[in-house]
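Peer 1: Predicted model and sequence follow; I will ask about them next.
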Amino acid sequence: MAKKTSKYIHEYKWSNIFAMIRNNMRAPNICNDNFRNKLVVITGATSGIGYITARKYAAHGANLLCVNRNPEKSEKLKIEIESEFDVKCDYLIADLSSLNDIFRVSNELSALEQPIDVIIHNAGVYLTKRELTPDGFEKVFAVHYLSSFIMNYILMKKLKAQENARIILVGSEGHRFAAWGLKLDDLNWEKRRFSGLKSYGSAKTAQLLSMIVFKEKFENSGVTINTMHPGAVKTDTGQENGRVYRWFKKNIFDKTLKSPEISAEALYYLGVSKDLEGISGKFFNLTKEEVPAPPALDKEVAFELWDKTLIMTALNELNLKT
Ligand SMILES: NC(=O)c1ccc[n+]([C@@H]2O[C@H](COP(=O)([O-])OP(=O)(O)OC[C@H]3O[C@@H](n4cnc5c(N)ncnc54)[C@H](OP(=O)(O)O)[C@@H]3O)[C@@H](O)[C@H]2O)c1
């Protein structure tokens, strides 16, 4: 049984909140190592953090396989990167809110002959109104959590068979908005009033909880999985929302945000630096290790969510050996 949410109150520590505030002001560690001929998979590379990160890896010689939803933007990115850097930039098209598409690209990735050196689960949305996917899932939960879960799960066998690999979940300090924890009996927001911040916080908390179990599954395999907050940076996020939200974002929030260059620096460091060798199951604010909020550390809920997700997505019916 899941813990009573009120129990988390006693686990919150001011020192962790102050550490987060301090870390929010830090610059990321920089890695200048070469990554030539390595393969990096990035979801949502057509805009914002994913786009700048794709350029960063390409500038250091990595070949890219991007998983994007928009064919025109993907082709433009491919032409831009391949003409500017001496690397390959391929793409797979997938709407990461659709289970069909997520399963299809996951299978395509697991059939690749070459090793995947780094996978960056970056695609994301922020919605102020509840939307359901064609499969009946709340969309923010599907894009952030279900897509990364299914991909990692299906790729487990391939990644374990490689010498090593690094999985990076682009999470968020926003996971703290799910302050009372994940509601396992209402992941689709049918019983509660939907809130953009809380649904985003829940999806990012679910990602952090999945990391706890994936870390165990990948133990001693050479595969690591970590989550990072990419900074509060200026991107195209939130464009699906109404005019009022977009006005505030453009005229108020954006003025306080940093450049996504810091996110890309951090994602390069976490994916490539020798300092991260063998480090798994951690949460980083850019490149500084940090303690996530108590609900994201709840092992019992992590395993309950794991089992529930396998059933929700019918992954349990695949009988994959994990
Ligand atoms: N910006 C911040 O300050 C901040 C802070 C904390 C965490 N994050 C996280 O950083 C990640 C990247 O966000 P961003 O700020 O760079 O936002 P962004 O500029 O809106 O980029 C989001 C990317 O995800 C793609 N995407 C969205 N929905 C998709 C779907 N259903 N299927 C496939 N791809 C989809 C977008 O594709 P299109 O180009 O086709 O729209 C785009 O490439 C997200 O996970 C976000 O939660 C951002």
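Peer 2: Happy to help now that I have it.
Peer 1: Dump the C-alpha coordinates for stretch 115-133 into CSV.
Peer 2: Provided in CSV are the C-alpha atoms of stretch 115-133 (Å, rounded to 0.1, in the frame of the first residue of the first chain):
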residue,chain,number,x,y,z
PRO,A,115,25.3,0.8,-29.6
ILE,A,116,23.4,3.8,-28.2
ASP,A,117,25.8,5.7,-26.1
VAL,A,118,23.5,8.3,-24.6
ILE,A,119,19.7,8.6,-24.5
ILE,A,120,18.3,12.0,-23.5
HIS,A,121,14.5,11.9,-22.8
ASN,A,122,13.8,15.6,-23.3
ALA,A,123,10.5,15.9,-25.1
GLY,A,124,7.9,17.6,-22.9
VAL,A,125,4.8,19.8,-22.7
TYR,A,126,3.3,22.1,-20.2
LEU,A,127,-0.5,22.3,-20.3
THR,A,128,-2.8,24.6,-18.3
LYS,A,129,-5.8,22.6,-19.3
ARG,A,130,-6.3,18.8,-19.1
GLU,A,131,-6.0,17.0,-22.4
LEU,A,132,-6.4,13.3,-23.0
THR,A,133,-4.3,11.3,-25.5
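Peer 1: Does that stretch reach the ligand?
Peer 2: Yes: in terms of C-beta under 6 Å from any ligand atom, part of stretch 115-133 sits within range of the ligand, namely 122, 123, 124, 125. Every C-beta, even on glycine, is put in place using the N, C-alpha and C of the backbone.
Peer 1: from those residues, which ones fall inside helices?
Peer 2: The helices, defined by DSSP state H, take in nothing from the residues of stretch 115-133 next to the ligand.
Peer 1: any chance of these in CSV, plus pLDDT, neighbour count and distance to residue 254?
Peer 2: Shown next, in CSV, are the residues of stretch 115-133 next to the ligand (pLDDT from 0 to 100; neighbours: other C-beta atoms under 10 Å; distance: C-beta to C-beta, whole Å):
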residue, pLDDT, neighbour count, distance to residue 254
122, 98, 26, 19
123, 98, 27, 21
124, 97, 26, 17
125, 96, 20, 17
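Peer 1: For these, work out which two are farthest apart.
Peer 2: 122 and 125 (11.7 Å; C-beta to C-beta).
Peer 1: can I get the residues of stretch 115-133 next to the ligand in CSV with distance to residue 222?
Peer 2: Formatted as CSV, the residues of stretch 115-133 next to the ligand follow (distance: C-beta to C-beta, whole Å):
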residue, distance to residue 222
122, 23
123, 26
124, 28
125, 32
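Peer 1: tell me which of those is nearest to the ligand?
Peer 2: Using C-beta to the nearest ligand atom, residue 124 is the member of the residues of stretch 115-133 next to the ligand that lies nearest the ligand, at 2.5 Å.
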